[in-house]
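Peer 1: just the structure for this:
(one chain, ligands or ions: 2)
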Amino acid sequence: MSLFVTGTDTNIGKTLISAALLHAYALQGKRVVGMKPVAAGCESDGSYCDVTALQAASNVQVADTLMNPYRYPTAAAPHLAARLQGETIELPRILRSYTELSALADVVVVEGAGGFILPLNEQQNGGDLAAALNLPVVLVVGLRLGCLNHALLTVQAIHARGLKLAGWVANCVDEQMALRDENIATLQKRISAPLLGVVPYQLQPDARYVAASLDMASLVPR
Ligand SMILES: Nc1ncnc2c1ncn2[C@@H]1O[C@H](COP(=O)(O)OP(=O)(O)O)[C@@H](O)[C@H]1O
Ligand SMILES: [Mg+2]
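Peer 2: Numbering: from 1, shown residues only. Ligands and ions are numbered 1, 2, ... in the order given. Alright, predicted model coming up:
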């Protein structure tokens, strides 16, 4: 039941939807934990908002270093943020953490960094991580101008790695988007995986509220 959550871009709702998926599984009585393998860009107090949000939505609490093995204060591409600290992101370390988490919970929701093939080190990218984890992918489409191309390219990249697209979520990040419903219909015609939900624009996005609107029954199993 574990999932890898990717998105059409950074800042389009991956964390919100990952947290909502955790709540939705928790409502089904599952032990759930979020994972953010690589976080880049901290708040002024030194915290990492994705880590905080995923922990708040998890009912299994683990050490920060387990659910978030790599963290960098600079908001930059992971391989560059890591290089600034003299580090290299290594997939085996992430896989080891994931294996530990999956022994502690029924469901691990792994939130990728940025878009699907964002580089993680000199050779590998987020898609390689999803493939190494061998998880079904949920694609969050941030509905705004440009999202059709980003969404369809991402679907191609997911399929190119032989991964299952378990479903996609239409997240209304732009309150003013023109022809929003037509954009959603366009993607529905071109993406064979189920649309799990259309998440409305919210002034104060709430993961529990979003959870209630996700069609968990239609998630395509592994
Ligand atoms: N449906 C929505 N309505 C309004 N704001 C949203 C919505 N989804 C996400 N946001 C806001 O957009 C920003 C980015 O969301 P987040 O989930 O952190 O994206 P990502 O994880 O892809 O970077 C946050 O400030 C979040 O509150
Ligand atoms: Mg995020």
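
Peer 1: quick check: residues of this protein near ligand 2?
Peer 2: Proximity of the chain to ligand 2, by Cβ under 5 Å from the ion, involves residues 14-15, 50. Every residue, glycine included, has its C-beta placed from N, CA and C.

Peer 1: can you pick the most crowded of these?
Peer 2: Neighbour counts for those (other Cβ atoms under 10 Å) peak at residue 14, which has 27 neighbours.

Peer 1: let's have the residues of the chain next to ligand 2 in CSV, adding secondary structure.
Peer 2: CSV is the format used below for the residues of the chain next to ligand 2 (DSSP: H, G, I helix; E, B strand; the rest coil):
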residue, secondary structure
14, helix
15, helix
50, helix
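
Peer 1: when you check ligand 1, which of the residues you listed turn up near it?
Peer 2: Counting by Cβ under 6 Å from any ligand atom, 14-15 from the residues of the chain next to ligand 2 sit close to ligand 1.

Peer 1: now, which of the residues of the chain next to ligand 2 sits nearest residue 152?
Peer 2: Of all these, residue 14 has the smallest distance to residue 152: 17.8 Å, by Cβ to Cβ.

Peer 1: so that closest one sits right up against residue 111, yeah?
Peer 2: Yes. Using Cβ atoms under 8 Å, residue 14 is in contact with residue 111, at 5.4 Å.
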